[in-house]
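**Q** 3D, please:
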Amino acid sequence: MSDISPWLYISTTAGDAAGMAREYGFGLEIAEFCTAFNMDIDFEKWDALVREKMRGISRFTFHAPYNELCPAAVDPLVVEIAKKRYAQAYLLMRGYGINAMVVHSGFMPLIYNENWFVEKSVAFWKEFMSDKPDNFHLHLENTFEPSPGMLCEIADAVNDGRFTLCLDIGHASYAGKPTPIDTWVERALPYLGHVHLNNNYGQADTHNDLGDGIIGVNAIIRKIMGAASNVTFTIETINSKPSVEWLKAGGLLQV
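**A** Predicted coordinates:
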């Protein structure tokens, strides 16, 4: 039997995240700043909330802002906004003592040519990583990509052990994605550093509990754990307790 608990985090998108992390010794993925203006407007409120959630928990990841941010944008002024927001998020994350950050790729179908997107993303992330310390890790998350190829190309070309992919299995499995989730897992494995766990019924990114949907989450976790020893996982659902209980019932948690 496998035990995912040493590698498991709970996203603060779940209202019960901090309590569950404390109870079981899980990590916490800070999601309060996915909306960039929370770093600007009422920051003291958000900062106090995050620090309270972090209390009594020992390991963390940080989800960077993503709304309207794209490192491969056609307009260079938009790229500058992405640079500013990611730099702001990085400083905030380090201030919390966190060393790992999840960032959306920014790809939008019918807007970006795939070759352009790969080339510009590689240049952006090489520059971003160039002055970061050895203990910093960035996980590039799939969003609207039809297949894992582009992100694998980016990770391959950035060629930095601190730069890995975050596979969101829910993003990979909804809205008519042409690539089966098993192919996503197989292709992404050599570049994988982090996984977002949730479920859906293929029509929308609903972030259902792990047992509520068409994605074979148990098999995916076992495959990844059997092939890659250092990959971390985050439960990214609205409430985490049902998914924790589901993992226990499926033999993936020994707590």
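
**Q** ok, V79 - contacts?
**A** C70, P71, A72, A73, K120, F124 (Cβ atoms under 8 Å, 6 or more residues apart in numbering). From N, CA and C alone the C-beta is placed, and that goes for glycine too.

**Q** how near is it to I220?
**A** Distance from V79 to I220, counting by Cβ to Cβ, to the nearest Å: 34 Å.

**Q** would you turn the contacts of V79 into JSON lines with neighbour count?
**A** Formatted as JSON lines, the contacts of V79 follow (neighbours: other Cβ atoms under 10 Å):
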{"residue": "C70", "neighbour count": "23"}
{"residue": "P71", "neighbour count": "25"}
{"residue": "A72", "neighbour count": "26"}
{"residue": "A73", "neighbour count": "21"}
{"residue": "K120", "neighbour count": "20"}
{"residue": "F124", "neighbour count": "21"}
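
**Q** got JSON lines for the residues you listed, with secondary structure, pLDDT and distance to H104 too?
**A** Shown next, in JSON lines, are those (DSSP: H, G, I helix; E, B strand; the rest coil; pLDDT from 0 to 100; distance: Cβ to Cβ, whole Å):
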{"residue": "C70", "secondary structure": "coil", "pLDDT": "96", "distance to H104": "9"}
{"residue": "P71", "secondary structure": "coil", "pLDDT": "96", "distance to H104": "10"}
{"residue": "A72", "secondary structure": "coil", "pLDDT": "97", "distance to H104": "12"}
{"residue": "A73", "secondary structure": "coil", "pLDDT": "97", "distance to H104": "13"}
{"residue": "K120", "secondary structure": "helix", "pLDDT": "98", "distance to H104": "15"}
{"residue": "F124", "secondary structure": "helix", "pLDDT": "98", "distance to H104": "13"}
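
**Q** which of the residues you listed lies closest to G15?
**A** Within the contacts of V79, the smallest distance to G15 is 29.9 Å, found for C70 (Cβ to Cβ).

**Q** Look up the closest residue to the closest one, ignoring the ones flanking it.
**A** G106 (3.2 Å; Cβ to Cβ, 6 or more residues apart in numbering).

**Q** what pLDDT does the one you found get?
**A** With respect to pLDDT, G106 has a value of 97.

**Q** again, but for the one 5 residues further on
**A** Looking at I111, its pLDDT reads 93.

**Q** does it sit in a helix, a strand or a coil?
**A** coil (DSSP: H, G, I helix; E, B strand; the rest coil).

**Q** residues near it, how many?
**A** By the criterion of other Cβ atoms under 10 Å, I111 has 13 neighbours.

**Q** same question, V122
**A** Quick note: V122 (other Cβ under 10 Å) scores 19 neighbours.

**Q** Grab the nearest non-local neighbour of it.
**A** In space, V122 is closest to A157, 4.4 Å off (Cβ to Cβ, 6+ apart).

**Q** Provide a list of residues in contact with W46.
**A** E32, F33, N38, M39.

**Q** And the strands in this protein, which stretches?
**A** 8-11, 27-30, 60-63, 100-104, 137-141, 163-168, 192-197, 232-235 (DSSP state E).

**Q** Pipe those strands into CSV and attach mean neighbour count per row.
**A** CSV is the format used below for the strands of the chain (neighbours: other Cβ under 10 Å):
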stretch, mean neighbour count
strand 8-11, 26
strand 27-30, 25
strand 60-63, 24
strand 100-104, 24
strand 137-141, 23
strand 163-168, 26
strand 192-197, 25
strand 232-235, 27
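
**Q** Kindly reformat the ones you listed as a markdown table containing distance to D212.
**A** What follows is these, written out as a markdown table (distance: least, Cβ to Cβ, whole Å):
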| stretch | distance to D212 |
| --- | --- |
| strand 8-11 | 16 |
| strand 27-30 | 20 |
| strand 60-63 | 22 |
| strand 100-104 | 23 |
| strand 137-141 | 22 |
| strand 163-168 | 16 |
| strand 192-197 | 12 |
| strand 232-235 | 13 |
